[in-house]
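Colleague: My questions are about this predicted structure, shown below with the sequence.
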Amino acid sequence: MSFPMNTAAASRWTRVAHGALRGALMLALGLGISACSDNDDEDASPSVNLTPAWSAYESGQWAEAGEAFLQAVQTVPASAEAWCGLGWSRAALDAASGGTLGMDEGVRDAFHRADQLRPDYVEAWAGLAEFHSVQGDTMAALNWALDAAETGGAAWVFTHNSAVGHRSMRKIAAWQLFKLKRYPEAGAQVRQVLPTFSYATGADSLEQLLAGIHSL
């Protein structure tokens, strides 16, 4: 998957997953954000400086990024971008720890909140596609990936993570279709990125299709 991976960060978080730092981190990135207002949608034009938080995310400092995005959503609960950044930071941090931090609900809920606050938020949809793909939720991953790919368009790339974009969404969609044995549709997803892609109809056809999906 395309959550950014920093080897040193992964090793660090694996070592501390069961220690005191893990407890502090889980407190800071708690799944319930009680400080948020019940009237999150009142501010139609929320404004908060997220540049430091995104910079931390891009540099692999996912705990720091998560804390900054968490502070942002507590300050301006109607900031869809802050919720989206919180989702991506939590996802990257949990992936780096090998899933030991147990942040699945926090990742999903942050992306869903971003989606609720901003219609057609492709970056949040991409996050949900990646999340559900990792979780093995085939239909949810397929639907979110198709929405992101088709709405974002062929040139779309996530500003803060170049590994996420139209190509990666078509790959997720193709893989889910392959798992569902909807092979012609899976091939069609590959051709959205590689128009000349084709595969034979003989004994090796599925291997060729799978190779095409992996090439995305």
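Modeller: In hand now; what should we look at? Residues are numbered from 1 along each chain as shown.
Colleague: roughly how far apart are the closest residue to Ser215 other than its chain neighbours and Ala140?
Modeller: Here the nearest residue to Ser215 in space, its sequence neighbours aside, is Leu194; by C-beta to C-beta, 6 or more residues apart in numbering that works out to 7.2 Å. Quick note: C-beta positions are derived from backbone N, CA and C, even for glycine. Here the distance between Leu194 and Ala140 works out to 25 Å (C-beta to C-beta, to the nearest Å).
Colleague: For the residue nearest to Ser215, the count of nearby residues, please.
Modeller: By other C-beta atoms under 10 Å, 13 other residues sit near Leu194.
Colleague: Over to Thr201?
Modeller: The number of residues packed around Thr201, counting by other C-beta under 10 Å, is 7.
Colleague: what's the spacing between it and Leu210?
Modeller: Here the distance between Thr201 and Leu210 works out to 15 Å (C-beta to C-beta).
Colleague: Quick check: Gly202 vs Thr196, distance?
Modeller: Counting by C-beta to C-beta, the separation of Gly202 from Thr196 is 19 Å.
Colleague: Model confidence score at the residue nearest to Ser215, please.
Modeller: On pLDDT, Leu194 comes in at 97.
Colleague: got the phi/psi numbers for it?
Modeller: When read as degrees, to the nearest 10, the backbone of Leu194 gives phi -120, psi 90.
Colleague: who touches Trp156 in this structure?
Modeller: With contacts defined as C-beta atoms under 8 Å, 6 or more residues apart in numbering, the neighbours of Trp156 are 122, 165-166.
Colleague: what about dumping the CA coordinates of stretch 75-86 to CSV?
Modeller: What follows is stretch 75-86 as a C-alpha-only set of coordinates in CSV (Å, rounded to 0.1, in the frame of the first residue of the first chain):
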residue,chain,number,x,y,z
THR,A,75,-9.6,24.0,17.7
VAL,A,76,-11.6,24.1,14.4
PRO,A,77,-13.8,20.9,14.3
ALA,A,78,-15.2,21.9,10.9
SER,A,79,-11.9,21.7,9.2
ALA,A,80,-12.2,18.8,6.7
GLU,A,81,-8.6,19.0,5.8
ALA,A,82,-7.5,18.7,9.4
TRP,A,83,-9.6,15.5,9.8
CYS,A,84,-8.2,14.2,6.5
GLY,A,85,-4.6,14.8,7.7
LEU,A,86,-5.4,13.2,11.0
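Colleague: Could you list the buried residues of the longest helix anywhere in the chain?
Modeller: Ranked by residue count, the top helix of the chain under DSSP state H comes out as helix 80-96. Residues of helix 80-96 classed as buried under the neighbour-count rule (16 or more other C-beta atoms under 10 Å) are 80-96.
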